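Visitor: Show me the folded form of this:
(2 chains)
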Amino acid sequence: MARADHDDGHEDSAANVTSEPLNVAPFNVAGVRAPVITNPLAEYLLRLGDDRLVLGHRLSEWCGHGPILEEDIAVANFALDLIGQATMLLGLAGELEGKGRDADALAFFRDAVHFRNALLVELPRGDFGFTMVRQFLFDAFSVVQLDALASCGHAELAAIAAKALKEAKYHLRHSSEWVVRLGDGTAESHRRVQESLDALWRYTGELFERDAVDAAVAEQGVVFDHDAAKARWEAIVHDVLARATLEVKPVKLMASGGRRGRHTEHLGHLLSVMQSVARAHPGATW
Amino acid sequence: MSSTDATNRPYTSETNADGLTVTGHTQWPLWEVFTQAGKGAPHEHAGSVHATDAEHAMQNARDVYCRRGEAVSLWVVPASAIVASVPGDAGPFFDPGNDKAYRHPHFYKVPLGVRVF
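Guide: So this is what the prediction gives:
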């Protein structure tokens, strides 16, 4: 059944691969097969784009609800930056996929099982501290990832990454400051962000998983050194967490599944809001 | 407190231990924001933000005043560091300049070839 979604005759791009991760134990869910991927680069771009689309939407939920006016504007800016990055990445994914789907079609007319974002970005926004800890963990990843992709062998992706990197660096500066300010702030702010970090840490492993899609795109010049990236990410994260007087508590098992369309219940709720207008008025422009 | 009493200055209500102006119990200190529109242009007052410290003020100023490409450079200044004239100063400070036309360079013949702005 999953195979039918991809059985579209586009068998020419590369050898079919599955998205079962190579470096984590596979989740054996009865009756669920990993989708067969006919176009690894398009799949890879969906992962990049969906991370930013879903996180951008989560941030946009703060619009009008920020703790102060300045932060409300800042968070809305970041949401727009991320949605803008997603528009470029999903647009390119649609082109490479070759089924006539543009960024809007991919954003608003796919269901949760076809989204490829990491679980980290779809979790509900929580309180402001939770939002900022999650943002910080993602921003640090995004900076490392975009920095590597900015010099990759795919010219269009490299150009998008170079543009997005400037935004990501600022996002990281902003979210780092908040993590330090709240972590090294009052007893209550410290408790809240420590609890947020405890809840979020198990979602960070998925960011550095690699699977056959990564191997396939590497052959097309899109090389991302997961080990080097993880080392850079850890250096950034541990430096900021130390200044924030926050402590990483090791987890036994990292959560995983988003890259294969196995999401938390939260993504469906997010999409039902995000996609409602586009689905109620298909083809509308404004 | 100096003779430029805080109560006479805009925004000001009290000064905290760091010497930063606080406008109320629930408000962070106020910072004035100056943006430079282009290289060589003067930094001009754009508005103000509330922030807890200099880095925070810089980020808030960037997010509020520079998100549409308005600036190439940014200054933030604690509002408490600005000494402002007060409305009562207006007469002695500014009125004497109004009727001294000879202070303006109106009485020179501009030499040929000099560009008139």
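Visitor: Near chain A, which residues of chain B? Just list them.
Guide: Contact residues, chain B versus chain A (CB under 8 Å from any CB of the partner chain): B:28, B:49-52, B:55-56, B:59-60, B:62-64, B:67. For the C-beta atoms, the positions are set from N, CA and C on the backbone; glycine is no exception.
Visitor: In strands, which of these fall?
Guide: B:49-50 (DSSP state E).
Visitor: Neighbour count says what about the residues of chain B next to chain A? Which are buried?
Guide: Burial by neighbour count, 16 or more other CB atoms under 10 Å in any protein chain shown: within the residues of chain B next to chain A this picks out B:28, B:49-52, B:56, B:59-60, B:62-64.
Visitor: Around chain B, which positions in chain A sit nearby?
Guide: A:68-71, A:73-74, A:77, A:170, A:173-174, A:177, A:181.
Visitor: Show me which pair in these is furthest apart.
Guide: Spatially, the most separated pair among the residues of chain A next to chain B is A:Leu69 and A:Arg173, at 20.0 Å (CB to CB).
Visitor: and stretch A:252-270, which residues are buried?
Guide: Using 16+ other CB under 10 Å as the test for burial, stretch A:252-270 gives A:254-261, A:263-264, A:267, A:270.
Visitor: just stretch A:152-167 next, same as before
Guide: Result for stretch A:152-167 [16+ other CB under 10 Å]: buried residues A:152, A:154, A:157-158, A:160-161, A:164-165, A:167.
Visitor: now swap in stretch A:80-97 and tell me
Guide: By neighbour count on 16+ other CB under 10 Å, the buried set for stretch A:80-97 is A:80-83, A:85-94, A:96-97.
Visitor: My understanding was that B:Val49 contacts B:Val64; is that so?
Guide: Yes: here B:Val49 reaches B:Val64: they are 5.8 Å apart, a contact under CB atoms under 8 Å.
Visitor: Which residues are in contact with each of these two?
Guide: Common neighbours of B:Val49 and B:Val64, counting by CB atoms under 8 Å, 6 or more residues apart in numbering or on different chains, are A:70, B:33.
Visitor: Buried subset of the residues of chain A next to chain B as a PyMOL selection?
Guide: To isolate the buried members of those in PyMOL, using 16+ other CB under 10 Å:
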select buried, chain A and resi 70+71+73+74+77+170+174+177+181
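Visitor: taking the residues of chain A next to chain B one by one, which sit in strands?
Guide: Going by DSSP E, the strands hold none of the residues of chain A next to chain B.
Visitor: Out of the residues of chain A next to chain B, which comes closest to A:Thr285?
Guide: Sorting these by how near they are to A:Thr285, with CB to CB, puts A:Asn77 at the top with 24.3 Å.
Visitor: now the strands for chain B?
Guide: Going by DSSP E, chain B shows strands at B:14-15, B:21-22, B:30-36, B:43-50, B:73-78.
Visitor: These: which one's closest to A:Phe136?
Guide: Between these, strand B:43-50 lies closest to A:Phe136; by CB to CB that is 21.6 Å.
Visitor: what about A:Leu119, distance to chain B?
Guide: 28 Å (CB to the nearest CB, to the nearest Å).
Visitor: number of nearby residues for that residue?
Guide: 23 (other CB atoms under 10 Å in any protein chain shown).
Visitor: A:Asp72 now?
Guide: Around A:Asp72 there are 17 residues (other CB under 10 Å).
Visitor: Same question for B:Val77.
Guide: 16.
Visitor: a markdown table for the residues of chain B next to chain A, including pLDDT?
Guide: Listed next are those as a markdown table, based on pLDDT from 0 to 100:
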| residue | pLDDT |
| --- | --- |
| B:Trp28 | 88 |
| B:Val49 | 95 |
| B:His50 | 94 |
| B:Ala51 | 94 |
| B:Thr52 | 90 |
| B:Glu55 | 95 |
| B:His56 | 94 |
| B:Gln59 | 96 |
| B:Asn60 | 95 |
| B:Arg62 | 95 |
| B:Asp63 | 94 |
| B:Val64 | 94 |
| B:Arg67 | 86 |
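Visitor: A:Asn39: which of the residues of chain B next to chain A is nearest?
Guide: B:Arg67 (36.0 Å).
Visitor: how about the closest one, what does it touch?
Guide: Per CB under 8 Å, 6+ apart, neighbours of B:Arg67: A:73, A:77.
Visitor: quick one: A:Arg259 from chain B, how far?
Guide: From A:Arg259 to chain B the distance is 32 Å (CB to the nearest CB).
Visitor: Show the pLDDT at residue 29.
Guide: Since you didn't name a chain, this refers to chain A. For A:Val29, the model assigns a pLDDT of 48.
Visitor: right idea, wrong chain: chain B
Guide: 92.
Visitor: I'd assumed B:Val77 was in contact with it.
Guide: No: the pair B:Pro29 and B:Val77 fails to qualify as a contact (CB under 8 Å) at a distance of 11.3 Å.
Visitor: Nearest residue to the middle of the chain?
Guide: Reading this off chain A. The structure's chain A has its C-alpha centroid closest to A:Asp51; by CA atoms, centre = their mean the separation is 2.1 Å.
Visitor: Correction: the question concerned chain B.
Guide: B:His45 (5.1 Å).
Visitor: Okay, now the unreliable bits of the stretch 1-150 of chain A?
Guide: With pLDDT under 70 as the threshold, the stretch 1-150 of chain A has low-confidence stretches at A:1-35.
Visitor: Apply 50 and report the result again.
Guide: Applying pLDDT under 50 to the stretch 1-150 of chain A picks out residues A:1-15, A:23-29.
Visitor: Do a quick rundown of the helices in it.
Guide: Secondary structure of the stretch 1-150 of chain A (DSSP state H, counting those that start in this stretch): helices at A:2-6, A:40-60, A:69-97, A:103-108, A:119-122, A:128-149.
Visitor: Convert the last one to PDB, retaining C-alpha atoms only.
Guide: What follows is the C-alpha trace of helix A:128-149 in PDB, where atoms were taken according to Å, rounded to 0.1, in the frame of the first residue of the first chain:
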ATOM      1  CA  PHE A 128       7.900  30.100  26.200                       C
ATOM      2  CA  GLY A 129      10.900  28.400  27.800                       C
ATOM      3  CA  PHE A 130      10.000  25.100  26.000                       C
ATOM      4  CA  THR A 131       9.700  26.900  22.700                       C
ATOM      5  CA  MET A 132      13.100  28.500  23.100                       C
ATOM      6  CA  VAL A 133      14.900  25.300  24.200                       C
ATOM      7  CA  ARG A 134      13.400  23.500  21.300                       C
ATOM      8  CA  GLN A 135      14.300  26.400  19.000                       C
ATOM      9  CA  PHE A 136      17.900  26.500  20.300                       C
ATOM     10  CA  LEU A 137      18.400  22.700  19.800                       C
ATOM     11  CA  PHE A 138      17.100  23.000  16.200                       C
ATOM     12  CA  ASP A 139      18.900  26.300  15.400                       C
ATOM     13  CA  ALA A 140      22.200  24.800  16.400                       C
ATOM     14  CA  PHE A 141      21.500  21.800  14.200                       C
ATOM     15  CA  SER A 142      20.200  24.000  11.400                       C
ATOM     16  CA  VAL A 143      23.400  26.200  11.400                       C
ATOM     17  CA  VAL A 144      25.600  23.100  11.200                       C
ATOM     18  CA  GLN A 145      23.500  21.500   8.500                       C
ATOM     19  CA  LEU A 146      23.100  24.600   6.300                       C
ATOM     20  CA  ASP A 147      26.800  25.400   6.700                       C
ATOM     21  CA  ALA A 148      27.700  22.000   5.300                       C
ATOM     22  CA  LEU A 149      25.100  22.100   2.500                       C
END
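Visitor: Kind regards, and thank you for your time.
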